[in-house]
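> Let me see the structure of the following:
(one chain, ligands or ions: 2)
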Amino acid sequence: MKKYWEILERYKISLAISPFLILIAVLSETVQPLFMARIIDDGVIQRDLLVVSEVGLHMVLISLAGLLFSVANIYISSKTSIGFGTDLRTALFDKIQQLTFNDIDRFNSASLITRLTSDITRIQHIVLMSMRILLRAPMMLVMTVFFVVRINTGLAMILLVSIPVLSISVYLILRKGFPLFLKVQQQLDRLNGVVRENLINIRVVKSFVREGFEAGKFAKSSDDLRDLVIKASNTVVTMFPVMQLVMNLSLMAILWFGGNKVVGNEIKVGELISFVNYLTQVLMSLMMLSVIIMAFVRASASSERIVEVLNAKPSLVDPPAGLAGSHRIREGRVAFRNVSFRYEGGEEDVLQDVTFEVNQGETIAVVGATGSAKSSMVQLIPRLYDVTKGEVSIDNINVKDYHSDELHCKIGMVLQKNELFTGTIADNLRWGKQGATQPEIEAAARAAEAHDFILSFPEGYDTMLGRGGVNVSGGQKQRLCIARALLGKPKILILDDSTSAVDTETELRIRRNLNALLADTTVFIITQRVHTMQSADRVIVLEDGRVEAVGKPDELIRTSEVYKEIYYSQQITLQ
Ligand SMILES: Nc1ncnc2c1ncn2[C@@H]1O[C@H](COP(=O)(O)OP(=O)(O)OP(=O)(O)O)[C@@H](O)[C@H]1O
Ligand SMILES: [Mg+2]
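Ligands and ions are numbered 1, 2, ... in the order given. Reported below is the predicted structural model:
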């Protein structure tokens, strides 16, 4: 909530002016029935046209003035609410950028998208409504009650009954509606999740002819949402007939008692008519109030979800500034000491008691069956995740003591599931190093064996890539990602199965280029290919999250069961 106030503070002038504008607008509206009473009692009944036109002119002027103030308020409240929504969205987006893989897994990215879009829009809407109606309704209520009591205290007693009856029934209905609205919001999340997954994997869906199944999944989610919305709306719409009933009963009471008073000459006809007008205003303002309370209830669900993200403490924190500034990665020696790791919410450790040391400039192949936690292990080095137990260190300093910028700067990583972004090829490569020059970019692309195919595109380095790099082949995408990682001249380079879609010939050339370009860089290569393993300085063999063996490739053929199996199985397929 602190963040809300911080943002609202930027708009304090508008927020302070708005109540005055509303007050004047409300005043000009609530005096109207008084003038009307005069027109009827002193003008129409006395047949005095002068009074009619004089008072009528006043009425017109006053309502024009009121209108002017209303419009001014609408203008500043629209401006404020849009500004507030934009600022809040920016704050939320910035926060999401600080979150780690772990946090994003926890929130789930579909839900984050809903929070950034429809939840924020709802809050923005609430700010707008609050500035226009929230104050207006109570002001209106107070003023009309004041005028009504002045006209006739006896008649005003009727309001003493109808206002509480209305308030209580609205309260009861809203209390029932609140949990339903929360559920609606959660279901909307689920629906967004289904849509998002479908769109990201649309190629897979089509190639497996699963459109029917996916459509069914969507329909189910969509139907659930519909049912919930109907249920929630049903609860709330009962409110309107209740209000209508109370209003009509009050009107009848006023006409009955008021009629008697007119006959007994206690009040005048015009006064009775203005009384009826006031009654309508009172009930209208109550109705407005209930609508806005309802909107608040819905928005509070949205708000909770936004605040949850805003308040989330990123699970990785940078060390205190003084310490962080002083550590630099100079050599790139990596050591794991008794490292265990478990994903948040996971049942068991995916890595258990992993220990090894890697020297500067070594090339280490990481091998093991699928699911043996190879990717999980290397992600601990740049702190994409934090260890659960033990310690990962670089140059004898715990990775937690480095500033995250230093880690990301000096460690080049090509993830197994890599993504490119919308933009030109050159823009994408520049992610690896901001402000890289064209020769630098080309050198990195050459090393990744990407230069030639990039030039084969008519627009070369200025070729636009679609979202996620849809218009390049799998192998081309992998090479662009390698070039991107090379551009920063990292001290440690991690390639997670990054050449799986590249032919062996090209892969060999990439490896040679790497050796020439980054002689001092420590390289981790996760691979399934025997000749890549064989050409590494050393190999770490993982089995079910444990280190089965570490050593030179030729030794491992003799000493490691797992390595032997991989080695010979590929020898057979090669023959
Ligand atoms: N984000 C995640 N959340 C929870 N569990 C995960 C996550 N990522 C991986 N796992 C689990 O961790 C284990 C190890 O997965 P990991 O991706 O590290 O294996 P891998 O050796 O890289 O496999 P592959 O060769 O298929 O890439 C698996 O059992 C997997 O289910
Ligand atoms: Mg993997």
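> which parts of this structure sit against ligand 2?
Counting by CB under 5 Å from the ion, the chain comes close to ligand 2 at 375, 416. Heads up, the C-betas are built off the backbone N, CA and C, glycines and all.
> what does the chain put close to ligand 1?
105, 343, 346, 350, 368, 370-376, 416 (CB under 6 Å from any ligand atom).
> quick one, phi psi at residue 283?
Dihedral pair for residue 283: phi -70, psi -30, per degrees, to the nearest 10.
> Whichever of the residues of the chain next to ligand 1 end up buried, select them in PyMOL.
Filtering those down to the buried ones (16 or more other CB atoms under 10 Å) takes a single PyMOL command:
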select buried, resi 350+368+372+373+374+375+376
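> Out of the residues of the chain next to ligand 1, which is nearest to ligand 2?
Ligand 2 lies nearest to residue 375 out of the residues of the chain next to ligand 1, by CB to the ion, at 3.1 Å.
> for that closest one, what are its contacts?
415-416, 496-497, 526 (CB atoms under 8 Å, 6 or more residues apart in numbering).
> let's see it at 7 Å
For residue 375, the contact set (CB atoms under 7 Å, 6 or more residues apart in numbering) comprises 416, 496, 526.
> can you give me the strands for the chain?
Per DSSP state E, the chain carries strands over the ranges 334-341, 351-358, 363-368, 389-394, 397-398, 411-414, 423-424, 464-465, 492-496, 522-526, 538-543, 546-551.
> and the fifth one, how far from the chain's centre?
Taking CA atoms, centre = their mean, to the nearest Å, one finds the center of strand 397-398 at 34 Å from the center of the full chain.
> partners of it, with directions?
strand 389-394 (antiparallel) (DSSP bridges).
> burial count for the closest residue to residue 327 other than its chain neighbours?
Spatial nearest neighbour of residue 327, excluding adjacent residues (CB to CB, 6 or more residues apart in numbering): residue 402 at 5.1 Å. When counting by other CB atoms under 10 Å, one arrives at 26 neighbours for residue 402.
> circling back: could the strands of the chain be laid out in TSV, adding mean pLDDT?
TSV is the format used below for these (pLDDT from 0 to 100):
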stretch	mean pLDDT
strand 334-341	96
strand 351-358	96
strand 363-368	94
strand 389-394	95
strand 397-398	93
strand 411-414	92
strand 423-424	90
strand 464-465	88
strand 492-496	94
strand 522-526	95
strand 538-543	95
strand 546-551	94
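> Output the ones you listed as CSV; include the columns distance to residue 30.
Below are the strands of the chain laid out as CSV (distance: least, CB to CB, whole Å):
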stretch, distance to residue 30
strand 334-341, 68
strand 351-358, 71
strand 363-368, 77
strand 389-394, 70
strand 397-398, 69
strand 411-414, 67
strand 423-424, 58
strand 464-465, 61
strand 492-496, 70
strand 522-526, 75
strand 538-543, 78
strand 546-551, 79
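> Nearest to residue 327 among those would be which one?
Minimum separation from residue 327 across these (CB to CB) falls at strand 397-398, 5.6 Å.
> Quick check, residue 392 in contact with residue 336.
Yes - at 5.6 Å, residue 392 counts as touching residue 336 under the criterion of CB atoms under 7 Å.
> Quick one: list the elements packing against the biggest helix by length in the chain.
Identified as the longest helix of the chain according to DSSP state H is helix 49-98. Helix 49-98 sits against helix 2-9, helix 12-30, helix 32-38, helix 120-129, helix 269-311, with contacts defined as 3 or more CB pairs under 7 Å, 6 or more residues apart in numbering; DSSP states H and E.
> gap between the last one and the chain center?
If I follow you right, that is helix 269-311. Worked out by CA atoms, centre = their mean, helix 269-311 lies 28 Å from the chain centre.
> Tell me what angle that helix forms with helix 49-98.
Here helix 269-311 runs at an angle of 10 degrees relative to helix 49-98 (axes from the mean of the first three to the mean of the last three CA atoms, to 10 degrees).
> and helix 269-311 with helix 2-9, angle?
130 degrees.
> Near the residue lying closest to residue 185 once chain neighbours are set aside, how many other residues are there?
Nearest non-adjacent residue to residue 185, counting by CB to CB, 6+ apart: residue 301, 4.7 Å away. Per other CB under 10 Å, the neighbour tally for residue 301 reads 18.
> which ones are touching residue 301?
181-182, 185.
> Just to be sure, which of those residues are found in helices?
Counting by DSSP H, the contacts of residue 301 contribute 181-182, 185 to helices.
> Tell me, please, where in the stretch 51-200 of the chain the pLDDT is lower than the cut-off.
Nowhere does the stretch 51-200 of the chain drop to pLDDT under 70.
> let's go with 90 and repeat that
51, 97-115, 117-119, 122, 129-138, 140-142, 144-200 (pLDDT under 90).
> before we move on, what about the stretch 301-450 of the chain?
In the stretch 301-450 of the chain, residues with pLDDT under 90: 301-305, 308, 311-328, 344-347, 384-385, 400-409, 415-423, 431-436.
> Residue 208 - how many residues pack around it?
11.
> So it versus residue 219, what's the distance?
19 Å (CB to CB, to the nearest Å).
> Which segments of the protein make up each domain?
2-311, 325-574 (automatic domain parsing).
> can you pull the contacts of residue 217?
residue 194.
> quick revisit: TSV please, covering the contacts of residue 375 and showing distance to residue 456.
Conversion of the contacts of residue 375 to TSV gives the following (distance: CB to CB, whole Å):
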residue	distance to residue 456
416	27
496	27
526	29
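> Nearest to residue 249, out of the residues you listed: which one, please.
Set against residue 249, the nearest of those by CB to CB is residue 416 (70.0 Å).
> mind listing what that closest one touches?
Counted by CB under 7 Å, 6+ apart, residue 416 has contacts 375, 496-497.
> at 8 Å what do you get?
Residue 416 makes contact with 375, 496-498, 526, according to CB under 8 Å, 6+ apart.
> where does residue 354 sit relative to ligand 2, distance-wise?
15 Å (CB to the ion, to the nearest Å).
> That should have said residue 327, apologies.
29 Å.
> wait, doesn't that residue sit right on residue 399?
No - Residue 327 lies out of contact with residue 399 (CB atoms under 8 Å); the separation is 9.9 Å.
> ok, those two, which is more surrounded?
Set residue 327 next to residue 399 and count neighbours by other CB under 10 Å: residue 399 wins out with 23 against 18.
> Now residue 182. Nearest residue, chain neighbours left out?
residue 301 (4.7 Å).
> measure that neighbour to residue 52 for me?
Distance from residue 301 to residue 52, by CB to CB: 53 Å.
> Show the pLDDT at residue 502.
On pLDDT, residue 502 comes in at 87.
> before we move on, what about the one 3 residues further on?
Residue 505 is assigned 88 on the pLDDT scale.
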